[in-house]
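1. A structural model of the following input is requested.
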Amino acid sequence: MKDVRTGSEGQCQRKRVFIRTYGCQMNVYDSDRMADVLRPLGYALADTPEQADLVVLNTCHIREHASEKVYSELGRLRDAKAERRAEGGDLTIAVAGCVAQAEGEEIVKRQPAVDIVVGPQAYHRLPELLAEAARKSALLRAGKRLPGAGVLDTEFPAESKFDHLPSPQGVRAGSAFLSIQEGCDKFCTFCVVPYTRGAEYSRPVSAVLAEARQLVEAGAIELTLLGQNVNAYHGEAPDGSTWSLARLIRELAEIEGVARLRYTTSHPRDMDDDLIRAHGDVPQLMPYLHLPVQSGSDRILEAMNRRHGRDLFLGIVDRLRGVRPDLALSSDFIVGFPGESDADFDDTMRLIDQVGFASAFSFKYSRRPGTPGAALQDQVPESVKSARLAALQALLGRQAREFNTSKVGATVPVLFAEAGRKPGQIIGKTPWLQSVYAEGNPRLIGRIVDVRLIEGHPNSLAGEIVTGPYEVAA
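-> Sure, this is the predicted structure:
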C-alpha cells in the first residue's frame, strides 16, 4: 500500500486531498492522475487523512479479503467524518479502483458514509462526481429524502479516460510511470482483471509519445511503461499503422533524456520476436523483466487458461538470455490452485530451479467471486497451500540472495530515488531493479550515479558512490 504524498502547491489552494493507493503500479499511476484531475479544482495533496477535505481510497481487488481491508478503513473514515461534522466541517469520502468497480452499490449500502464510488475507467469524471456529491449532501442536510446518498460511476465509457486527463504534473525522483495499455482479454480462470479493468485497450502512439516527452521535460530519466498486459500493446500510429511494444520502445529510446526504459506486466503469449530482440538492441531497455508464469505444471497452466505451457515459457527465457545474458527475471506464482497435486507443485519448483529468478511475487490461491476458478471443485486445503508457499518462498528467497551477492564487487549505474532512514543515506535502483543503499548527498536523488556494490543482502545491496553523475551517451 502506498500513499501519494504532498509537495509545494502554492498559497492559493485551500482544499486538501489524501489519496491512499493499494496494489499495483497501475494504481499508483491512476492515483497520480486523479491528483492531476483534482488540482484545477484547488486540491493540494495532504500527508494524512486528518489534514484532508477529500479522502480517496484507490483500491485493488486481486487478493482475497482486499475489500474487507477497504471496509475496515472506511469504518475509520466514517468516524472521522462524524467528528468533522460535529465540529461544523465535513469530509468527502471516495472509493476508486477495482474494488469500486467490482462491488459498486454494495459499498454504499455497507458504508453509507461513502460519497463517491468510481471505477478505474471513469476517474476523469471526478469533478462532476464531486459536484453531484456536494449537491446530494446539501439536500440531505436540508432534510430531503433521496433514494441513495452516494454517487456511483462504474460504467465502462465508450470514450477513453486518457482523452480527458490533463497533462501529468510532477515526477518522482527521476522516475515516472506511463500507462500505455489497459485491460486484458486473456481471462485466466483465477483473475478478476478482465472484469474490473475491461477489455484490452492500447493508447494511440502519438498520445504515448507526447506524454513521454512531457514527463522527460518534467525531469524523468526513467520511464516504466504500464499495462495489465503491456506486451500486448497495439497502438495506432498517425499514419494508420499499428505499432507493437517493441516498435514503441525503440521510438521512446530516441527521446533525448531517456536513460532507462522498463515495462510491466507481461504475458508469455505476447513475447514476440521483435520484443525479445529489443532487449539486446536497445541500451535504454533495462536488463530486468517481470514475466508471470504462475505455475510450472502444464496441467495446472491449462486449468488456469494461461494459453501457454511450461516449454513455451522456458523457450522464451532461453531466447531472452541469448540476446541479453545479464537479464534478471521476476515472475508471479500461485500455489494451491484447485486440483494442484504434489507432482504439479514439484513441476513448479523444478521450473524455478531451472530458470533462476532475481525476485518474484508468490501467493496462495484465493477464490475471486465471479471468476471461473471460484467454481472449480477439488479446492486445495489451506494447510497444504501454506506448506507449499513456505517451500516455494524459501527457494525464491535463496535465489534472490544469490543474485544480489553475485553483483558484489561490480560497479553499476544506480538511479537514486529517496533518502534512507539513516542520516546521509540515499537509496536507489540498479538496472536490475535491486535496492542499493549508499552514503551520499540528497542532491543526487533523481540522478544516475556509478556505485560500487560492496555487500549483498536478501532484499538489497550496500554500495559506495565512486563517480559523479552518470552521463548517458548520445
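2. What is the neighbour count of the nearest residue to T265 once chain neighbours are set aside?
-> Closest residue in space to T265, ignoring its immediate chain neighbours: H290 at 5.8 Å, by C-beta to C-beta, 6 or more residues apart in numbering. C-beta coordinates here come from the backbone N, C-alpha and C atoms, glycine included. Residues within reach of H290, counting by other C-beta atoms under 10 Å, total 20.
3. Ok, P40 next?
-> By the measure other C-beta under 10 Å, the count of residues near P40 is 9.
4. which phi and psi does it have?
-> phi -60, psi -20 (degrees, to the nearest 10).
5. Give the buried residues for the helix or strand containing R250.
-> R250 is part of helix 245-252, with elements assigned from DSSP states H and E. Neighbour-count burial for helix 245-252, counted by 16 or more other C-beta atoms under 10 Å, picks out 245-250, 252.
6. And those, which is closest to D318?
-> Closest approach to D318 among the buried residues of helix 245-252 (C-beta to C-beta): A246, at 18.5 Å.
7. who's in contact with the closest one?
-> 272, 274-275, 277-278 (C-beta atoms under 8 Å, 6 or more residues apart in numbering).
8. what about burial for these, which qualify?
-> By neighbour count, with 16+ other C-beta under 10 Å, these hold 275, 277-278 as buried.
9. a markdown table for those, including secondary structure?
-> Listed next are the buried ones among the contacts of A246 as a markdown table, based on DSSP: H, G, I helix; E, B strand; the rest coil:
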| residue | secondary structure |
| --- | --- |
| L275 | helix |
| R277 | helix |
| A278 | helix |
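10. For V412, state which of the residues you listed is nearest.
-> Lowest distance from V412 to the buried ones among the contacts of A246 (C-beta to C-beta) belongs to A278, with 21.2 Å.
11. ok now do the closest one, which residues does it touch?
-> By C-beta under 8 Å, 6+ apart, the residues touching A278 are 246, 249-250, 285.
12. Show me where the stretch 101-250 of the chain dips below the pLDDT cut-off.
-> Applying pLDDT under 70 to the stretch 101-250 of the chain picks out residues 139-149, 157-159, 170.
13. Tell me, how many residues neighbour P325?
-> Quick note: P325 (other C-beta under 10 Å) scores 9 neighbours.
14. And for the one 3 residues further on?
-> Taking other C-beta under 10 Å as the neighbour definition, A328 ends up with a count of 22.
15. ok, what's across the strand from it?
-> Per DSSP bridges, the residues bridged to A328 are Y288.
16. Kindly check the end-to-end length of stretch 404-419 for me.
-> End-to-end distance for stretch 404-419, by C-alpha to C-alpha, to the nearest Å: 21 Å.
17. Tell me how many other residues crowd A343.
-> 9.
18. Shouldn't it be within a helix?
-> Yes. Note on A343: a helix contains this position according to three-state DSSP.
19. ok, it - contacts?
-> S297.
20. Repeat that for D298.
-> 309-310, 347.
21. could you redo the last one with a cut-off of 6 Å?
-> 309-310 (C-beta atoms under 6 Å, 6 or more residues apart in numbering).
22. Which pLDDT value does the model give it?
-> Per-residue confidence (pLDDT) for D298: 98.
23. Helix, strand, or coil at I454?
-> Going by three-state DSSP: I454 is strand.
24. Look at it and say how many residues are nearby.
-> Neighbour count for I454, taken as other C-beta under 10 Å: 12.
25. P204: how many residues sit nearby?
-> Number of residues near P204 (other C-beta under 10 Å) recorded here: 17.
26. check which helix or strand covers A212.
-> helix 205-217.
27. Pull out the buried positions in that helix.
-> For helix 205-217, burial by neighbour count (16+ other C-beta under 10 Å) applies to 205, 207-209, 211-216.
28. Report the angle between the next helix or strand after that helix and helix 245-252.
-> Using DSSP H and E, the helix or strand that follows helix 205-217 in sequence is strand 222-226. Computed by axes from the mean of the first three to the mean of the last three C-alpha atoms, to 10 degrees, the angle separating strand 222-226 from helix 245-252 equals 150 degrees.
29. Identify all contacting residues around strand 222-226.
-> Residues contacting strand 222-226 (C-beta under 6 Å, 6+ apart): 25-26, 29, 174-180, 260-263, 415.
30. tell me the SS of R262?
-> From three-state DSSP, the assignment for R262 is strand.
31. pLDDT at it, what is it?
-> Residue-level pLDDT assigned to R262 equals 98.
32. Quick check: L389 touching Y365?
-> No. Under the criterion of C-beta atoms under 6 Å, L389 is not in contact with Y365, lying 9.7 Å apart.
33. Counting neighbours, go ahead and name the busier of these two.
-> Neighbours were tallied for L389 and for Y365 using other C-beta under 10 Å; the higher tally belongs to Y365 (22 against 18).
34. Distance check, that one against K69.
-> Plainly put, Y365 is 19 Å away from K69 if you go by C-beta to C-beta, to the nearest Å.
35. what do you get for Y233?
-> To K69, Y233 is 31 Å away according to C-beta to C-beta.
36. who's more crowded, those two?
-> Y233 (26 against 16).
37. Which residues are in contact with the closest residue in space to the more buried one that isn't next to it in sequence?
-> Distances taken as C-beta to C-beta, 6+ apart place L245 nearest to Y233, at 4.2 Å, with adjacent residues excluded. For L245, the contacting residues are 231, 233, 275, taking C-beta under 6 Å, 6+ apart as the criterion.
38. try G428
-> Listed by C-beta under 6 Å, 6+ apart, the contact set of G428 reads 414-417, 436.
39. Check these for burial and list the buried ones.
-> So, by 16+ other C-beta under 10 Å, the buried ones in the contacts of G428 are 414-417, 436.
40. Which of those residues scores worst on pLDDT?
-> Among the buried ones among the contacts of G428, A417 carries the lowest pLDDT, at 94.
41. and that one, what does it touch?
-> Here A417 is in contact with 173, 428 (C-beta under 6 Å, 6+ apart).
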